[in-house]
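Student: Sequence isn't available, so here's the structure alone:
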């Protein structure tokens, strides 16, 4: 259900509360007992489902997990790894619409960092397809400028360049957390020709969205996603923009979501924009934003080419020779501190992960990689030929 607006004091208490110790203890006791056995669990069908007001969870039933194609022992090992070797505060794994793994306080609202960008890409679709947003419009045609002025060549960047991180605009952003420190000299790149992960692009994309639609990003999120998907913990009142507007006039549109609601957003993408009998986002747009626009060999700075991600429309997309098996067509939203929504169509999985930034601790990408090895190793129908992409 949607939350009612809350006071600033209530919001602060909720955002700062520590991980739910009772939740950890309860789960630990269940795991220590080898997972519970529910008589009804064996009746779970293999059909794909959508969550209602609550997610259907198999997590606390060993028999249900085994019948669903998972090793309960393997998942227990993965849970213990998360507990002992990460700073994870919330983690949900969804298989065919049912929760098969859970850790921490998955209802807690916290900052999702750059996951916001992937969500904005989803919100763009409706307005691109009805003609409200023309992706070929340039910054000059939009009348956009920034503190100290943009260069004439920079003003030729199109909206599509902003949402694919290929604008060639290397003006400072109002917030940190990108690769602008590695940017070429301003004015040296033609718009559309050079990818660089830049918060200037992403923040400008937010400003353009609001300029052309006349809709606040958070209101669009509520209308397009929170209500249709039934986000259980959505609270419009805690969402807020921030940034140093003396550096750039475009603020960052930060978002606060719960882990289980991030999983709903990922599940919508896995189902290519469909939610039960309603096409929330068009199939074409869902596919478009999660497809490679910048292949691995063109990523910048050049060190990124040693990895395994290309880039789409504000989504990171597995690419290159290692994007095979369960990683074929897979993509992820990524945010600082350890925020992820990973979508894996080849194996019908969504993984939503949170590390509450209020504790100033990070869950490393390496921890995520090891968890993925343990998770996929627990699924009966998954085969990984050769080493994992990060080895």
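Tutor: Nice, thanks for sending it over. Bear in mind that the values here come from a model prediction, so they are computed numbers and not experimental data.
Student: from here on, contacts and neighbour counts on C-alpha atoms
Tutor: Will do.
Student: wait, isn't residue 136 in contact with residue 162?
Tutor: No. Assessed by Cα atoms under 8 Å, residue 136 is found out of contact with residue 162, at 10.7 Å.
Student: So these two - more neighbours on which side?
Tutor: Taking neighbours as other Cα atoms under 10 Å, residue 136 and residue 162 compare with residue 162 leading, 29 against 13.
Student: Give me the neighbour count for residue 77.
Tutor: Residues lying near residue 77 (other Cα under 10 Å) number 17.
Student: Check the spacing between it and residue 341 real quick.
Tutor: Using Cα to Cα, to the nearest Å, one gets 22 Å for the distance from residue 77 to residue 341.
Student: May I see the buried residues of stretch 195-215?
Tutor: Using 16 or more other Cα atoms under 10 Å as the test for burial, stretch 195-215 gives 195-209.
Student: Which single one of these is nearest to residue 382?
Tutor: residue 197 (32.2 Å; Cα to Cα).
Student: That closest one touches residue 182, doesn't it?
Tutor: No. Between residue 197 and residue 182 there is no contact under Cα under 8 Å: 9.6 Å.
Student: all strands of the stretch 101-250 of the chain, in order?
Tutor: 110-111, 240-242 (DSSP state E, counting those that start in this stretch).
Student: and of those, who's closest to residue 365?
Tutor: Minimum separation from residue 365 across those (Cα to Cα) falls at strand 110-111, 17.5 Å.
Student: Not counting the closest one itself, show me its contacts.
Tutor: 15, 254-258, 356-357 (Cα atoms under 8 Å, 6 or more residues apart in numbering).
Student: Tell me the most packed of the residues you listed, by neighbour count.
Tutor: Result: residue 356 is most packed of these (other Cα under 10 Å), 28 neighbours.
Student: contacting residues for that residue?
Tutor: Neighbouring residues of residue 356 by Cα under 8 Å, 6+ apart: 88-89, 110-111, 337.
Student: cool, and residue 375?
Tutor: With Cα under 8 Å, 6+ apart, residue 375 has these contacts: 74-75, 78.
Student: Residue 68: neighbouring residues, count only.
Tutor: Residues contacting residue 68 under the criterion other Cα under 10 Å number 21.
Student: What score does residue 205 have for pLDDT?
Tutor: pLDDT, the model's per-residue confidence, is 98 for residue 205.
Student: Which residue, neighbours along the chain excluded, lies closest to residue 285?
Tutor: residue 125 (5.8 Å; Cα to Cα, 6 or more residues apart in numbering).
Student: Next, the contact list for that neighbour, please.
Tutor: Contacts of residue 125 by Cα under 8 Å, 6+ apart are 281-282, 285.
Student: Please tell me how far residue 243 sits from residue 173.
Tutor: Counting by Cα to Cα, the separation of residue 243 from residue 173 is 8 Å.
Student: Compare neighbour counts for those two and give me the winner.
Tutor: Neighbours per residue (other Cα under 10 Å) separate residue 243 from residue 173, with residue 173 holding more: 27 against 18.
Student: The more buried one contacts residue 200, correct?
Tutor: Yes. Counting by Cα under 8 Å, residue 173 touches residue 200, with 4.5 Å between them.
Student: Need the overlap of contacts for these two.
Tutor: Joint contacts of residue 173 and residue 200 (Cα under 8 Å, 6+ apart) are residue 250.
Student: So which of the contacts of residue 375 is the closest to residue 51?
Tutor: residue 75 (21.7 Å).
Student: That closest one belongs to a helix?
Tutor: Yes. Counting by DSSP: H, G, I helix; E, B strand; the rest coil, residue 75 is found in a helix.
Student: From residue 208, how far off is the residue nearest to residue 285?
Tutor: To residue 208, residue 125 is 14 Å away according to Cα to Cα.
Student: before we move on, the earlier item: just the buried members of the contacts of residue 125?
Tutor: Of those, these count as buried by 16+ other Cα under 10 Å: 281-282, 285.
Student: So which of those are in helices?
Tutor: Taking DSSP state H as the definition of helices, the buried ones among the contacts of residue 125 contribute residue 285.
Student: can you list the strands of the stretch 101-250 of the chain in JSON lines and add mean neighbour count, distance to residue 187 and mean pLDDT?
Tutor: Below are those laid out as JSON lines (neighbours: other Cα atoms under 10 Å; distance: least, Cα to Cα, whole Å; pLDDT from 0 to 100):
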{"stretch": "strand 110-111", "mean neighbour count": "23", "distance to residue 187": "34", "mean pLDDT": "97"}
{"stretch": "strand 240-242", "mean neighbour count": "13", "distance to residue 187": "27", "mean pLDDT": "97"}
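Student: Of all the ones you listed, which one is nearest residue 352?
Tutor: That would be, of the strands of the stretch 101-250 of the chain and by Cα to Cα, strand 110-111, which comes in at 13.1 Å.
Student: Identify the contacts common to residue 243 and residue 173.
Tutor: In contact with both residue 243 and residue 173: residue 250, using Cα under 8 Å, 6+ apart.
Student: Go ahead and confirm residue 354 touches residue 340.
Tutor: Yes. Taking Cα under 8 Å as the definition, residue 354 is a contact partner of residue 340 at 6.8 Å.
Student: who has more neighbours, the two?
Tutor: Higher neighbour count among residue 354 and residue 340: residue 354, with 34 against 27, using other Cα under 10 Å.
Student: dump the residue contacts of that one.
Tutor: Counting by Cα under 8 Å, 6+ apart, residue 354 makes contact with 88-91, 112, 259, 338-340.
Student: Give me the subset of these lying in helices.
Tutor: Here DSSP H is the test, and the contacts of residue 354 give residue 259 as lying in helices.
Student: can you redo the contacts of residue 354 as CSV with distance to residue 308 and pLDDT?
Tutor: Formatted as CSV, the contacts of residue 354 follow (distance: Cα to Cα, whole Å; pLDDT from 0 to 100):
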residue, distance to residue 308, pLDDT
88, 23, 97
89, 26, 97
90, 25, 98
91, 23, 98
112, 23, 98
259, 25, 98
338, 18, 96
339, 18, 97
340, 16, 97
